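Novice: Provided below are the primary sequence and the corresponding predicted coordinates.
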Amino acid sequence: MERDPQDPSRPRDPPVIQIERLTKRLRNGITAVDGLDLEVGQGQVVALVGPNGSGKTITLRILLGLVRPTSGRALLFGHEVRPGAAVLGRVGALVDGPGFVPHLSGRRNLDLACRQLRQTGRPADLDGAVEMTGLGDAIDRNYASYSHGMRYRLAMAQALLGAPDLLLLDEPTTGMDPAQILEVHDAIAACARAGATVVLSSHQMSEIELVCTHAAILHSGRLAGAGSIAELVGRLPRVFLEVDDRVGAIAALRAVPGISRVTAAGPVSVAVEGDALEPVELFDAVEKSGIRVSGFRTGNFEDSYLELFAEEPGGPSVSGSTSP
Amino acid sequence: MIAVEWYKQFRRPKTYAALSIVAAFSVILTVALAATGSGQTEFVGDVPLLMTPRASGFSVPIIALSSTMKFFLPLAVSLFAGESVAGDASWGSLRYVVARPVSRGRVLWSKAAVAAVLSAIAVLTLAGSAVVVGGVAFGWHPLGVVDGSTSTPGHPQVDVIHVGAMLGHLGLSVLYVGAGMLSIFAVAFFLSTTTRRPLVAVAGGVAVTIVSRVFNADYLPGIQVVNGYMPNNDIDLWQHLFTRPADLSGAPHFLLLQAVYFVVFMGLAHWWFTRKDVLD
């Protein structure tokens, strides 16, 4: 029987990812993940961001059953993740770079991955995967002869085998040229359109803003911020002006009503914070002081990310969900 | 799972190389015997056997097994066992193998099965190629061995082992030597689950036979207590199948020791692999 999605009695689907008080202490004594709470909803494209060592890759490995948590738990589609758990059949992954058998061709490596996937009951289309790599005749060459970019393309094709419901990608565009990066972004967008959930770990803030709908920011294994990209960017209403006299511009802008803070943001740039900032007003205020404005941009995700860590050098900590 | 693992391992250049070298050993040995053997009765192995190598091609597999059982075969077995998990780890593919909805135990035992089959192929290749090449060179004649029970000093009595019995004895010898590889296999396989450097695991397997030789009471009578627990000290007992009288009294202890080493180290491999964090 078909149920009305609005029906309150309809059982709510569990989050695609549910992480509860997750902690992982490594054997060297380092706490890689420290009481992490996070929920990711269906269809979201979530960026997992944070400085190196913030726990992104370990979190992804826990979600794949590769690493056992010290305490807490991680659930995928409502099922607790354990090594070899059946729910892993719904997951595609590229974690810590590509990993293939070097003496076999790209095609043969994908064929082996297809066979393994079919054994778990999921259909896998080898020809489709081969086409997706875009490697042409090189697909029949030994993997050991592949360039860095070719290896990542093969790894992406492997991750997408069997049309996974959840895609976990750890810096999937590392070392790729711009055209290849665009292809990966298209593949992620296609997955999202097909209803899959994507978690993408990346240091490329522009990539995140372009591809992701949500972000979870990690610091020292804890959640430092989470929400939609729009929320995280809008958390700090800010614009940047490029001027030929930074000191003069700061003085002129501080006199404009509604502005809460004006700071230098580079050799020729000032950052202006406040509510309901009107670019025309700002331009007028600066140019009336005889200062030329040569550029203007609104705040972006990278600004918000950097600001988050500037606020609390030790790293902020929140618990939350990427879902509204 | 086993089919996938078999394809990965069997298509490795190292697998081809190891099996080719094992087969080539028999050819080189036969050529050397044909070129330099005088056709006189000679001592073979540590037992020792007394035989005339060129009188029968069956002498070649006996000499081949005798000269490879303490280093060359352990090296080949260590290679297959040691590379099996650590090889995947070093390629970075282990994480993608175990991130699937397949139990780690199944992954591990599939790898163990393939490595064991390749190890068995190595032993069989050595013996089989030696029988074939030796027979082609010297003929598959009955083999004459000295009967120690009836010989007197200066008057050796030759006992003849006929072809049928010879094949049976060779089969038992191959099984014995194969069983003697179990401890080496298990140690290398266990180490393979703990490292991403296959060479470490391979070296660990070879070390079993080296340590056994170091703590061998035949050379150091003062370490008799340890000697009984060294896994490879009695690997040459199969040679008694070709002596008269055949003293195989130490064989049950040796086979039991192999079984114990195998169960303990394969158990450790399972325990570790099913619990380890895959960070490779």
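Specialist: Structure's in. What do you need?

Novice: check contacts around the residue in chain B positioned nearest to chain A.
Specialist: With CB to the nearest CB as the measure, residue B:92 is the residue of chain B nearest to chain A, at 3.0 Å. The way it works is simple: take the backbone N, C-alpha and C, and place the C-beta from them, glycine included. Taking CB atoms under 8 Å, 6 or more residues apart in numbering or on different chains as the criterion, residue B:92 is in contact with A:96-100, B:280.

Novice: List just the nearest of these to residue B:228.
Specialist: In terms of CB to CB, no member of those lies closer to residue B:228 than residue B:280, at 37.9 Å.

Novice: Contact partners for the closest one?
Specialist: B:89-90, B:92, B:94-95, B:196.

Novice: in the chain, which segments are predicted with low confidence?
Specialist: Just so you know, I chose chain A. Flagging of chain A using pLDDT under 70 yields the residue ranges A:1-11, A:234-236, A:276, A:310-324.

Novice: let's do chain B instead
Specialist: Where chain B drops into low confidence, which here means pLDDT under 70, it does so at B:37-51, B:147-154, B:156, B:217.

Novice: Spell out which parts of it neighbour chain A.
Specialist: Applying CB under 8 Å from any CB of the partner chain, one finds that chain B approaches chain A through B:1, B:3-4, B:7-8, B:11-13, B:91-104, B:106, B:274-275, B:277-279.

Novice: How about chain A: which residue is closest to chain B?
Specialist: Relative to chain B, the nearest point of chain A is residue A:99 (3.0 Å; CB to the nearest CB).

Novice: Look up phi and psi at the residue lying closest to that residue once chain neighbours are set aside.
Specialist: Distances taken as CB to CB, 6 or more residues apart in numbering or on different chains place residue B:92 nearest to residue A:99, at 3.0 Å, with adjacent residues excluded. Note on residue B:92: backbone dihedrals following degrees, to the nearest 10 are phi 80, psi 10.

Novice: from the contacts of residue B:280, which ones fall inside strands?
Specialist: Residues of the contacts of residue B:280 located in strands (DSSP state E): none.

Novice: Going by distance to residue B:31, which of those wins?
Specialist: When the contacts of residue B:280 are compared for distance to residue B:31 (CB to CB), residue B:90 wins out at 36.9 Å.

Novice: quick revisit: between the contacts of residue B:92, which sits nearest residue B:201?
Specialist: Using CB to CB, those come closest to residue B:201 at residue B:280, 13.2 Å.

Novice: so what's the nearest residue to the closest one once chain neighbours are set aside up against?
Specialist: Distance criterion CB to CB, 6+ apart; nearest residue to residue B:280, sequence neighbours excluded, is residue B:89 at 3.9 Å. For residue B:89, the set of contacting residues under the criterion of CB under 8 Å, 6+ apart consists of B:195-196, B:280.

Novice: do residue A:26 as well
Specialist: Residues in contact with residue A:26, defined by CB under 8 Å, 6+ apart, are A:32, A:58, B:277.

Novice: With secondary structure and neighbour count as new columns, can those residues be given to me in TSV?
Specialist: Conversion of the contacts of residue A:26 to TSV gives the following (DSSP: H, G, I helix; E, B strand; the rest coil; neighbours: other CB atoms under 10 Å in any protein chain shown):
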residue	secondary structure	neighbour count
A:32	strand	23
A:58	helix	24
B:277	coil	16
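
Novice: Dump those into CSV; add distance to residue B:237 as well.
Specialist: Written out in CSV, the entries for the contacts of residue A:26 read as follows (distance: CB to CB, whole Å):
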residue, distance to residue B:237
A:32, 52
A:58, 51
B:277, 43
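
Novice: which one of those residues is nearest residue B:209?
Specialist: Sorting the contacts of residue A:26 by how near they are to residue B:209, with CB to CB, puts residue B:277 at the top with 31.7 Å.

Novice: leaving aside the residues next to it on the chain, what's closest to that closest one?
Specialist: Take residue B:277 and drop its neighbours on the chain: the residue closest to it by CB to CB, 6+ apart is residue A:67, 4.3 Å away.

Novice: now that neighbour, what's its secondary structure?
Specialist: With DSSP: H, G, I helix; E, B strand; the rest coil as the basis, the three-state label of residue A:67 is coil.

Novice: so it makes contact with residue B:279?
Specialist: Yes - counting by CB atoms under 8 Å, residue A:67 sits close enough to residue B:279 to count as a contact (7.0 Å).

Novice: Pick out whichever of those two has more residues nearby.
Specialist: Here residue A:67 and residue B:279 are set side by side on neighbour count (other CB atoms under 10 Å in any protein chain shown), and the busier one is residue A:67, at 25 against 16.

Novice: list the residues that contact both of residue A:67 and residue B:279?
Specialist: With contacts taken as CB under 8 Å, 6+ apart, residue A:67 and residue B:279 have residue A:61 as neighbours in common.

Novice: so which of the contacts of residue A:26 comes closest to residue A:178?
Specialist: Once CB to CB is applied, the member of the contacts of residue A:26 that ends up nearest residue A:178 is residue A:58, at 30.0 Å.

Novice: wait, doesn't the closest one sit right on residue A:23?
Specialist: No - in this structure residue A:58 lies outside contact range of residue A:23 using CB under 8 Å: 10.5 Å.

Novice: list residues touching both of the two?
Specialist: Residues touching both residue A:58 and residue A:23 by CB under 8 Å, 6+ apart: A:33, A:221.

Novice: Break down the stretch 151-280 of chain B into its helices, ranges please.
Specialist: For the stretch 151-280 of chain B, applying DSSP state H, counting those that start in this stretch gives helices covering B:163-180, B:182-194, B:198-214, B:224-227, B:251-275.

Novice: coming back round to it: just the buried ones among the residues of chain B next to chain A, please.
Specialist: The neighbour count (16 or more other CB atoms under 10 Å in any protein chain shown) marks B:1, B:4, B:7-8, B:12, B:91-104, B:274, B:277-279 as buried among the residues of chain B next to chain A.

Novice: Quick check: buried residues in the helix or strand containing residue B:117?
Specialist: Using DSSP states H and E, residue B:117 maps to helix B:104-138. Of the residues in helix B:104-138, those buried under the neighbour-count criterion (16+ other CB under 10 Å) are B:104, B:107-112, B:114-116, B:118-123, B:125-135, B:137-138.

Novice: ok now it, how far from the chain's centre?
Specialist: With CA atoms, centre = their mean, to the nearest Å as the basis, helix B:104-138 stands 9 Å off its chain's centre.

Novice: helices or strands up against that helix?
Specialist: Contacts defined by 3 or more CB pairs under 8 Å, 6 or more residues apart in numbering or on different chains; DSSP states H and E place helix B:104-138 against helix B:2-10, helix B:13-36, helix B:59-68, helix B:72-91, helix B:94-98, helix B:163-180, helix B:182-194, helix B:251-275.

Novice: Show me how far the next helix or strand along the chain from it is from its chain's centre.
Specialist: Toward the C-terminal end, the helix or strand that comes next after helix B:104-138 (DSSP H and E) is strand B:143-146. Once both centres are worked out by CA atoms, centre = their mean, strand B:143-146 turns out to sit 24 Å from its chain's centre.

Novice: now swap in stretch B:229-242 and tell me
Specialist: Taking CA atoms, centre = their mean, one finds the center of stretch B:229-242 at 11 Å from the center of the full chain.

Novice: between the helices of the stretch 151-280 of chain B, which gets nearest to residue A:273?
Specialist: Distances from residue A:273 to each of the helices of the stretch 151-280 of chain B were compared by CB to CB, and the smallest falls on helix B:251-275, at 50.9 Å.

Novice: Go through stretch A:180-190 and flag the buried ones.
Specialist: Here stretch A:180-190 shows A:180-181, A:183-185, A:187-188 as buried, counting by 16+ other CB under 10 Å.

Novice: Just the C-alphas of that stretch, formatted as PDB.
Specialist: Backbone C-alpha positions of stretch A:180-190 (Å, rounded to 0.1, in the frame of the first residue of the first chain) are rendered in PDB as follows:
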ATOM      1  CA  GLN A 180      38.800  15.900 -15.100                       C
ATOM      2  CA  ILE A 181      37.700  17.700 -12.000                       C
ATOM      3  CA  LEU A 182      34.600  18.900 -13.900                       C
ATOM      4  CA  GLU A 183      33.800  15.300 -14.900                       C
ATOM      5  CA  VAL A 184      34.000  14.200 -11.200                       C
ATOM      6  CA  HIS A 185      31.700  17.100 -10.300                       C
ATOM      7  CA  ASP A 186      29.300  16.100 -13.000                       C
ATOM      8  CA  ALA A 187      29.400  12.500 -11.800                       C
ATOM      9  CA  ILE A 188      28.600  13.600  -8.200                       C
ATOM     10  CA  ALA A 189      25.800  15.800  -9.500                       C
ATOM     11  CA  ALA A 190      24.400  12.900 -11.500                       C
END
